[in-house]
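Chemist: Sharing a model prediction with you, sequence too.
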Amino acid sequence: MSKEKIKTTSNLLTTLFNKLPPPKDNLKLLFLGNGKIGRKLVLKGYKPTFQLTDPINDKFDLVVAMDTLPANTHKTSVWFSRLASQLESGGRLLVIEQSTSLSGARSWWGKLAAKAGFISLSESLSTLYLKNGFTQIKQSWPQGLRSLVLCEGTLNPSAALLEKLNPMKDDNNEKQQTKNDF
């Protein structure tokens, strides 16, 4: 069963371009996904990079990823971490994916697709953003409350450190902490 590709609509393009800063020569933009949108970015005056690069040497101000989220939960976490490593401090990540809100998963087919990982619930996207140190997370549905969601967030290095500072991050630490408290 293959994932249905996102269709490019004028509503999607309008929403996307409203979220982007104006094109500048010094704006470092990484675009992953649909070639039509990539061409539209170039026509609007942006100069995007179209592939992942060495995260140590190349950092971007903005990453736009469309229909590239892996279906596997573990791979999705790794993918988000990789995109976060590609961003400058304060950089923005825009993800455009097939999604459905919990109220939108009414049909048995929609629920089955969500359980199988073919449709990412919008709440899951927000959780991924939070776990990877993003703040100012916003979601919009360019086609109304349909299956397409545009999620954006700003990378905040301080937020990413909170995960590392949590002394009760895993069960072993939690058991040890509880044992030491008594």
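Modeler: That came in fine, so what should we check first? For clarity, every value in this text was computed on a predicted model and none was experimentally measured.
Chemist: in this structure, which spans are strands?
Modeler: Per DSSP state E, the chain carries strands over the ranges 29-32, 60-66, 87-100, 120-121, 134-140, 148-155.
Chemist: For the ones you listed, which has the smallest mean pLDDT value?
Modeler: For the strands of the chain, the weakest mean pLDDT is recorded on strand 120-121, namely a mean of 62.
Chemist: for this protein, what helix or strand is lowest in average pLDDT?
Modeler: helix 171-181 (a mean of 43; mean pLDDT, DSSP states H and E).
Chemist: ok, the nearest residue to Thr15 once chain neighbours are set aside to Leu16 distance?
Modeler: Nearest non-adjacent residue to Thr15, counting by Cβ to Cβ, 6 or more residues apart in numbering: Pro142, 3.8 Å away. The C-beta positions use only the backbone N, C-alpha and C, and glycine is treated the same way. As judged by Cβ to Cβ, to the nearest Å, Pro142 and Leu16 stand 8 Å apart.
Chemist: Residues in contact with both of the two, list them for me.
Modeler: Leu150 (Cβ atoms under 8 Å, 6 or more residues apart in numbering).
Chemist: Just the buried residues of the lengthiest helix in the chain, please?
Modeler: Among all segments of the chain classified by DSSP state H, the helix with the greatest residue count is helix 73-85. Under the neighbour-count criterion of 16 or more other Cβ atoms under 10 Å, helix 73-85 has Thr76, Trp79, Phe80, Ser81, Leu83, Ala84 buried.
Chemist: I'd like the average pLDDT over it.
Modeler: Here helix 73-85 scores 83 as its mean pLDDT.
Chemist: what number of residues lie near Leu12?
Modeler: By other Cβ atoms under 10 Å, the residues close to Leu12 number 19.
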